[in-house]
Structures are given as structure tokens and as C-alpha cells.
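Peer 1: give me a 3D structure for the following:
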Amino acid sequence: MSRAFPWLRSHGWLFALLVLTGLAFRSVLRADLLYWDDQAFLSENPLIQHLSLNNLALIWTAPIQNIFAPIPFTFWCVWVLLFGQN
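Peer 2: Got it, this is the predicted structure:
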């Protein structure tokens, strides 16, 4: 097996760690949104739901709900654009 996969010998521990981590967190893929603050930040936020240059400018220059986190909010904008809200 080491001849077919030489990287496995030197990086096998990393591969095993990634597989174990994936198995540990596999249930997250079927999880719903939490209802603590997800509505305010994601599902009911017009800045996130309707991607535009103006909304991106607001996300990158002003806090949302007193939290300035432009990278995750931009990610969610793109996510909603590509895959929809669900």
C-alpha cells in the first residue's frame, strides 16, 4: 500500500485525523439553523438575503447587530446566492 500511496506513510496521521474529525462532525451536515440569533443575522437580514454591491459595502463598513464580522457575513451572502436560504 505504501507504494501506491507514498504520502500515506509520511502523512497517514493527518489523513486519520481528518477522517476522524469528519466522522465526529458528520451530523452537523443535517443540522438546522439555531434560533438564538440566526434570524437576526441570516434568515431575516436583508443585507444577507439580497446580494448587491451596496449591501456588501454596508457589511464591510458597519456592524450588523453590533457585531462587525464582514468575512462570515460575505460568505453567507454568497451561500444564499448559490444555494438559497435552505
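Peer 1: all contacts plus neighbour counts: C-alpha atoms, from now on.
Peer 2: Fine.
Peer 1: residue 84 - how many residues pack around it?
Peer 2: Counted with other CA atoms under 10 Å, residues neighbouring residue 84 total 10.
Peer 1: do residue 19 as well
Peer 2: With neighbours defined by other CA under 10 Å, the count for residue 19 comes to 11.
Peer 1: what strand or helix carries it?
Peer 2: helix 6-24 (DSSP states H and E).
Peer 1: name the next helix or strand downstream of that helix, please.
Peer 2: Tracing the chain C-terminally past helix 6-24 and defining elements by DSSP H and E, one meets helix 38 next.
Peer 1: what does the helix or strand just after that next one contact?
Peer 2: Sequence-wise, the next helix or strand downstream of helix 38 (DSSP H and E) is helix 46-49. Taking contacts as CA atoms under 8 Å, 6 or more residues apart in numbering, the residues outside helix 46-49 that touch it are 41-43, 55-56, 58-59, 73-74, 76-77, 80-81, 85.
Peer 1: what comes up buried for the next helix-or-strand element following helix 46-49?
Peer 2: Sequence-wise, the next helix or strand downstream of helix 46-49 (DSSP H and E) is helix 53-61. Of the residues in helix 53-61, 55-56, 59-60 count as buried by neighbour count, 16 or more other CA atoms under 10 Å.
Peer 1: just to revisit the earlier point, for the helix holding residue 19, what is the distance to the chain centroid?
Peer 2: When C-alpha coordinates are averaged (CA atoms, centre = their mean, to the nearest Å), helix 6-24 and its chain have centres 22 Å apart.
Peer 1: need the max-distance pair from the contacts of helix 46-49.
Peer 2: Checked with CA to CA, those reach their widest spread between 58 and 85, with 20.3 Å between them.
Peer 1: what is the helix holding residue 19 packed up against?
Peer 2: Under the contact definition 3 or more CA pairs under 8 Å, 6 or more residues apart in numbering; DSSP states H and E, helix 6-24 sits against no other helix or strand.
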